[in-house]
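Visitor: Give me a 3D structure for the following:
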Amino acid sequence: MQDIMGVNDIAFPNLGLYLRNVPQGFTIFGFYISLYGVIIAIGVMAGIALAAHVARKTGQNPDDYWDFAIYGVIFGVIGARIYYVVFEWDSYKNNLLEIFRMRNGGLAIYGGVIAAFITLFVWCRIKKRNPREIGDTAMAGLLLGQIIGRWGNFTNREVFGKYTDGLLAMRIPLEAVRDRTDITEDIASHITEDINYIQVHPTFFYESALNLLLLAAILLYYRHKRFQGEICLMYLGGYGIIRFFVEGIRTDQLKLAGTSIAVSQVLGIVLFGLAVAADVGIRIHLRHNADRGTGGKVEDTPKTEKA
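Guide: Model (predicted):
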């Protein structure tokens, strides 16, 4: 494995992989298009298509999910940007126009998820739909969008972790790193005069792979769910734990003001705790009703899957 890398190359030395000329974008008619944005768009469309498929399999109207997606995507992107800017305010306070330049990144998934859930409740209230049913159906699509979207961080050379020499260690040329402030002292200490790259944890891949496992679990469990909203709780609890783990390795953590505490780790633990507590509480409620011979509420009984 060579010590001097091309500026657009990415390597995984312990896997024997050397990828040459991995582009960050391309130009059409003089207009530069970032692969980050293209990959996010692919993730969004794939996610909506999966949600619509799940809706069709469970006897719902898939068009409802395309309709909801229009609002969910718009407000999700706005929420993701607001979340990022709030916790990186020092980078924007002297140049407010930078807030609107998102082609090179600067979106926080948690902000998008929070905004999407708020949009879900507002949309369901207007359409007179059950937000727990819609949410359960949409969760698989949301996860697929995240799984694909994380690869935008790969082409952007961002969202990496601490130094490692483990099996999945990734090398990125210094010149290609999007934000040099993400290079910690520990990472820098392993850079010698003979090399021009950093070697780090590919945390984008960790999150994408773990989300794929969570998606598989949700799809396998879907027909066995006990109540509407259970899949939402699985997502919130599962993603909370995944993000807590991944965030502990990342070097670009968004911190609580005046502290060294990573916002996403705190939020991850809170989401996991709330999801577990809500799941246990609802199951106790359903069992109590069953013991009394009343059964659960109609809205707590999921629809059966069509053959």
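
Visitor: List the residue ranges of the protein that fall below the pLDDT cut-off.
Guide: 1, 103-105, 293-307 (pLDDT under 70).

Visitor: spatially speaking, which residue is in the middle of it?
Guide: Nearest residue to the geometric centre of the chain (C-alpha atoms, centre = their mean): residue 146, 4.0 Å.

Visitor: right, and that residue touches residue 44 too?
Guide: No: here residue 146 does not reach residue 44: they are 10.3 Å apart, not a contact under C-beta atoms under 8 Å. To be clear about C-beta, it is placed using only N, CA and C from the backbone, and glycine gets the same treatment.

Visitor: I'd assumed residue 120 was in contact with residue 134.
Guide: Yes: between residue 134 and residue 120 there is a contact under C-beta under 8 Å: 6.3 Å.

Visitor: Common neighbours of the two, please.
Guide: residue 68 (C-beta atoms under 8 Å, 6 or more residues apart in numbering).

Visitor: on contacts alone, who are the packing partners of the helix or strand harbouring the residue nearest to the centre of the chain?
Guide: Applying DSSP states H and E as the criterion places residue 146 in helix 131-149. Packed against helix 131-149, as judged by 3 or more C-beta pairs under 8 Å, 6 or more residues apart in numbering; DSSP states H and E, are the following elements: helix 35-57, helix 63-87, helix 109-127, helix 203-221, helix 230-247.

Visitor: Quick one: distance of the helix or strand immediately after that helix in the chain to the chain centre.
Guide: Per DSSP H and E, the first helix or strand lying C-terminal to helix 131-149 is helix 151-156. The chain centroid and the centroid of helix 151-156 are separated by 13 Å under C-alpha atoms, centre = their mean, to the nearest Å.

Visitor: Which secondary structure elements does the next helix or strand after helix 151-156 sit against?
Guide: Downstream of helix 151-156, the next assigned helix or strand under DSSP H and E is strand 170-173. Judged by 3+ C-beta pairs under 8 Å, 6+ apart, the packing partners of strand 170-173 are strand 10-12, strand 197-200.

Visitor: what residues does the first one touch?
Guide: By C-beta under 8 Å, 6+ apart, the list of residues contacting strand 10-12 from outside reads 1, 5, 17-19, 22, 154, 157, 168-172, 197, 202.

Visitor: Among those, the buried ones, what's the PyMOL command?
Guide: Selection of buried members from those for PyMOL, criterion 16 or more other C-beta atoms under 10 Å:
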select buried, resi 5+154+157+169+170+171+172+197+202
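
Visitor: Report the secondary structure state of residue 33.
Guide: Three-state call for residue 33 (DSSP: H, G, I helix; E, B strand; the rest coil): strand.

Visitor: what does residue 22 give?
Guide: Counting by three-state DSSP, the backbone at residue 22 sits in coil.

Visitor: Just want to check the distance between it and residue 175.
Guide: Between residue 22 and residue 175 the computed distance is 13 Å (C-beta to C-beta, to the nearest Å).

Visitor: related to what we said a few turns ago, now the helices and strands packed on helix 131-149 in TSV, with mean neighbour count and distance to residue 12?
Guide: Converted to TSV, those look like this (neighbours: other C-beta atoms under 10 Å; distance: least, C-beta to C-beta, whole Å):
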stretch	mean neighbour count	distance to residue 12
helix 35-57	19	19
helix 63-87	19	28
helix 109-127	18	24
helix 203-221	18	9
helix 230-247	22	18
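
Visitor: Out of the ones you listed, which gets nearest to residue 277?
Guide: For residue 277, the closest of the helices and strands packed on helix 131-149 is helix 230-247, at 9.5 Å, according to C-beta to C-beta.

Visitor: Distance from the chain centre to that closest one, please.
Guide: For helix 230-247, the distance to the chain centre is 10 Å (C-alpha atoms, centre = their mean).

Visitor: Residue 170 bridge partners, please.
Guide: Note on residue 170: beta-bridge partners by DSSP bridges are residue 200.

Visitor: hmm, back to that, turn the helices and strands packed on helix 131-149 into CSV, columns for distance to residue 28.
Guide: Shown next, in CSV, are the helices and strands packed on helix 131-149 (distance: least, C-beta to C-beta, whole Å):
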stretch, distance to residue 28
helix 35-57, 11
helix 63-87, 22
helix 109-127, 27
helix 203-221, 26
helix 230-247, 34
